[in-house]
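**Q** this one's sequence-less:
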């Protein structure tokens, strides 16, 4: 289950990411993946902007994000499409509860998410390195 709970901060997504993520989420929704429904819900409430207008510090596909969890754990990951996911290399898929929570989240903002185990946690984006500056 991946349903977010609690207050939802405003999120912003660029058109390019919106189109690609929505295609993936709609295909996954046909297979009844709960995280797909959450991604669609998040995209539907997002402010959509051109890539050139996306402000720094907002998580987009390819961003390197350092985030903290409500339990104090910190992690740095790159947000990627499912085909590029590799948790051992810190590449987290958009089609995971963490990925769905991070997309469009501004640096310094938090959102609640229910993880795969069913526990509610607050995720805070501490630092966002833009995709074009992300190390490969």
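**A** That came in fine, so what should we check first? In this text the structure is predicted, and so the values were computed from the model without any measurement. Numbers count the residues shown, from 1 in each chain.

**Q** if I pick residue 29, what's in contact with it?
**A** 36, 37, 40 (Cβ atoms under 8 Å, 6 or more residues apart in numbering). Using the backbone N, CA and C atoms, a C-beta is placed for each residue, glycine as well.

**Q** out of those residues, which are inside helices?
**A** Members of the contacts of residue 29 lying in helices (criterion: DSSP state H): 36, 37, 40.

**Q** Who wins on neighbours among those?
**A** residue 36 (20 neighbours; other Cβ atoms under 10 Å).

**Q** Model confidence for that residue, exactly?
**A** Listed pLDDT for residue 36 reads 89.

**Q** Isn't it up against residue 94?
**A** No. The pair residue 36 / residue 94 is not scored as a contact, 10.1 Å apart, by Cβ atoms under 8 Å.

**Q** so what sits against both of these two?
**A** In contact with both residue 36 and residue 94: residue 24, using Cβ under 8 Å, 6+ apart.

**Q** Mean confidence (pLDDT) on the longest helix along the chain, please.
**A** Ranked by residue count, the top helix of the chain under DSSP H comes out as helix 15-29. If you average the pLDDT over helix 15-29, you get 94.

**Q** Next, the buried residues of that helix.
**A** 17, 18, 21, 24, 25, 28 (16 or more other Cβ atoms under 10 Å).

**Q** I'd say the fourth one and residue 94 touch.
**A** Yes. Residue 24 is in contact with residue 94 according to Cβ under 8 Å; the separation is 7.0 Å.
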